[in-house]
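Novice: No letters, just coordinates:
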């Protein structure tokens with residue numbers, strides 16, 4: 001065990017990729033002692049306009065039977081035209097192919113909570129004064145129900 005008496009706390013404002021990689025590996029090693037080996041599989045699903053501009057997209061990763069969405073965005077000029085619903089369907093198709101049972105994301109009060117409710121998500125937690133003072137909602141959509149005996 002290392003002597004921590006003379007240790008230093010270092011604050012890295014740039015997010016050094018090597019440090020992040022080491023921290024991630026160490027946390028994963030700890031987790032795997034309890035839950036066994038696992039792997040995250042990142043993905044991007046996006047829509048390009050006829051002018052080759054990205055106008056919408058979803059980004060995240062799949063992890064075991066969970067699909068975690070970190071970004072779900074549709075350009076303001078392309079909203080309410082069905083693009084979000086098509087992206088959601090593509091996301092669900094991808095998640096199912098990866099064996100996911102649910103999709104999880106979070107959204108702030110001023111973002112897309114109503115859209116997510118409309119396409120089948122449920123609010124599983126609310127964080128008051130979350131993002132910049134706005135309530136934040138953790139939402140989940142169940143894709144496959146677990147079979148009961």
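Specialist: Cool, the structure landed. This structure is a prediction, so every number in the text was calculated from the model and none was measured.
Novice: Give me the number of neighbouring residues for the closest residue to residue 67 other than its chain neighbours.
Specialist: Nearest non-adjacent residue to residue 67, counting by CB to CB, 6 or more residues apart in numbering: residue 95, 3.9 Å away. Glycine gets a C-beta too; all of them are placed from N, C-alpha and C. Residues near residue 95, counting by other CB atoms under 10 Å, number 24.
Novice: buried sites along whichever strand or helix holds residue 95?
Specialist: Using DSSP states H and E, residue 95 maps to helix 83-97. Buried residues in helix 83-97, counted by 16 or more other CB atoms under 10 Å: 83-84, 87-88, 91-92, 94-95.
Novice: Parallel or antiparallel, which strands does the helix or strand following it pair with?
Specialist: Downstream of helix 83-97, the first helix or strand assigned by DSSP H and E is strand 102-108. Applying DSSP bridges, strand 102-108 is found paired with strand 66-74 (parallel), strand 134-142 (antiparallel).
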